[in-house]
Structure formats: structure tokens, C-alpha cells
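Chemist: Below are the sequence and a predicted model; questions follow.
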Amino acid sequence: MKKIRVGIVNYLNTKPLIYGLQRPPISEQIELVAEYPAKLARMLKDNEIDVGLIPVAAIADLSSYYIAGDHCIGAEGEIASVCLFSEVPMNDIKKVYLDYQSRSSVALLKWLMKEYWGIDPEIIQAEDEGYRTQIKGTTAGLVIGDRALEQRRISTFIYDLGSEWRAITGLPFVFAAWVSTKPLPENFIKIFNEANELGLHHIDEIVAESPSAIYDLKKYYTLHLSYRLDERKKQGMERFLQVISQKDIESQQLPVT
């Protein structure tokens, strides 16, 4: 039987979801394909994978989509690993680099700057890792994932996008969800859900296997991250998709890679 191609992200925040996917019985039915979030979105659109943990913002690019399963990369408030970093206060920021690995975070940051923070800095789309060296003076940068946990130890000012969204909307935020462009078999979804859930019951083991000096991973997995795609998160996701469908947000030209 042809294996189902599952696009994953090898960030620390995905380890609890990937834990079960790497083990039988589902490991025998799938092929794991690792890339950064924005590239996974493109691969799903181009039919290079069958289901992927893609940025929610990328859903708007799909002609049809299906949410696969009941898990996601979400946050009830502070996420810690999706932040705007700066050496100066927000109102003194003149330039902002956008993380090339991101989609949802980029869209959320643009919305926050325009609609709530009231700042209008020059926007620069980063193309590689070199942009992080430019986060100095009045130049800020959006950084996501493990690199954001590293950046927390460098930058003076940290604006957490999960916290900002929660303060404004009262809703949790979903940064990435399992999405397919075609319906997946119900029996597959069942074991896929079970595999995603497995890691949530082995957090201590995952922390032990992933020693990190950059952040307290037990705190990260249990306090900052929220993996179950419940009704409140679905509401937050729907609200966000409405936000980025607005013409004034679209006109800001979200990146396509």
C-alpha cells in the first residue's frame, strides 16, 4: 500500500506530536517529510505531500482543504517561540525583518502592527538566517521556532505574538494545523489522532531526550504550548482567517514561500 506523505517540522515545539508518528502502527503507513513551515505549505499546495503541519495563514492559498485530526500547534496565551525582537521600544522601531520560515506569524505581526500597535516600520522579507544579525539598533525582527528561544537570550525587548492575540481577541491562537487538500481515510485519521496524542502523555520522556540549554522545555510544552484543537482554538483559527482575508491585510503582500 502506498504510504501517506506527512509533512512535519523539526522544531522543538513539534516533538510531542511527532513522537507517536515515529512509532508503530502508524510509522509503517507513512513517510515523514521534514521542512520548515512555509515550505511545507508550498509542498502541500503542489501535491508533494498528502498532509502537512502547515501555517494556518497558508490555508487561504488552498482551493480546498481538510483539517486532519484533532491536534495543532497552538497557544492559550504566551507562546515564547513566536516573537518580535528588538533592542529598542516598539515605537522606536524603524525596520522589521520578517522570518522567511513563517506564514501565520508574519500575517499576525502585520495585523498587530497596523491595527493595534499603530506602528508603520519598513518591512523587509528575510531570505535566509543572516537577517538575525541585523536585529540591532532600531531594526527589529520576527523570529519563530527554536531560533526564537535562542533570540530571547539576546534581545532586550520581546513582543510575544501569542500574548498579543489573546489580549486583543480573548481567544487562543493556532499557529499551525494538520491540513490535507483531499479527504483522508477515516481509519487513518483515527490512528493519526492516537499517534499525535501519544506524545502528550510522554512529555517527561521527550524533555529528557531533548536536553536544551536555551529554554525550560517542560515549561515550554506544558505552559506555553497547547496541542489539542478544541472548539476555542477553532474559533481562534476562524477569526484569524477572517482577519487575513481582509483587503487591507492582503494588500500588504504576504510572502508565498
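Modeler: Structure received. Residues are numbered from 1 along each chain as shown.

Chemist: how about low-confidence regions in this protein?
Modeler: In the predicted model of the chain, residues 1, 247-257 satisfy pLDDT under 70.

Chemist: Just give me the longest strand of it.
Modeler: strand 66-75 (DSSP state E).

Chemist: Okay, now the sheet partners of that strand, with direction.
Modeler: strand 173-180 (antiparallel), strand 226-228 (antiparallel) (DSSP bridges).

Chemist: Check which element follows the first one along the chain.
Modeler: It refers to strand 173-180. Downstream of strand 173-180, the next assigned helix or strand under DSSP states H and E is helix 186-200.

Chemist: who's in contact with the residue nearest the centre of the chain?
Modeler: Against the mean C-alpha coordinate of the chain, by CA atoms, centre = their mean, the closest residue is F175 at 3.8 Å. By CB atoms under 8 Å, 6 or more residues apart in numbering, the residues touching F175 are 55-56, 72-75, 79, 82, 104-105, 162. All C-beta spots, glycine's among them, are computed from the backbone N, C-alpha and C.

Chemist: Among those residues, which one lies nearest to P25?
Modeler: C72 (22.5 Å; CB to CB).

Chemist: I'd like to know how many residues surround the closest one.
Modeler: 28 (other CB atoms under 10 Å).

Chemist: so who does I4 touch?
Modeler: I4 touches 29-31, 50-51, 184, 188, counting by CB under 8 Å, 6+ apart.

Chemist: contacts for the following helix or strand past the longest strand of the chain?
Modeler: Downstream of strand 66-75, the next assigned helix or strand under DSSP H and E is strand 82-86. Here strand 82-86 makes contact (CB under 8 Å, 6+ apart) with 93, 96, 102, 105, 109, 135, 139-144, 148, 151-152, 154-162, 175.

Chemist: what about the closest residue to I54 other than its chain neighbours, helix or strand, and which?
Modeler: Nearest residue to I54, sequence neighbours excluded (CB to CB, 6 or more residues apart in numbering): A41, at 4.3 Å. Taking DSSP H and E as the criterion, A41 maps to helix 37-45.

Chemist: And that helix, what does it pack against?
Modeler: strand 4-8, strand 51-55, strand 173-180 (3 or more CB pairs under 8 Å, 6 or more residues apart in numbering; DSSP states H and E).

Chemist: So what angle separates the directions of that helix and strand 66-75?
Modeler: Put simply, helix 37-45 runs at 170 degrees to strand 66-75, going by axes from the mean of the first three to the mean of the last three CA atoms, to 10 degrees.

Chemist: which of the residues in helix 37-45 are buried?
Modeler: 37-45 (16 or more other CB atoms under 10 Å).

Chemist: From the chain's centroid, how far away is that helix?
Modeler: 12 Å (CA atoms, centre = their mean, to the nearest Å).

Chemist: Pull the residues that contact it.
Modeler: With CB under 8 Å, 6+ apart, helix 37-45 has contacts from 7-9, 33, 35, 49, 51-55, 58, 61-62, 100-104, 144, 176, 179-181, 255-257.

Chemist: Tabulate the CA atom coordinates of that helix in PDB.
Modeler: Extracted C-alpha coordinates of helix 37-45, given in PDB (Å, rounded to 0.1, in the frame of the first residue of the first chain):
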ATOM      1  CA  PRO A  37       6.600  25.600   7.900                       C
ATOM      2  CA  ALA A  38       6.300  27.900   4.900                       C
ATOM      3  CA  LYS A  39       7.900  25.400   2.600                       C
ATOM      4  CA  LEU A  40       5.600  22.600   3.800                       C
ATOM      5  CA  ALA A  41       2.700  24.800   2.800                       C
ATOM      6  CA  ARG A  42       4.000  25.200  -0.700                       C
ATOM      7  CA  MET A  43       4.700  21.400  -0.900                       C
ATOM      8  CA  LEU A  44       1.100  20.700   0.200                       C
ATOM      9  CA  LYS A  45      -0.300  23.000  -2.500                       C
END
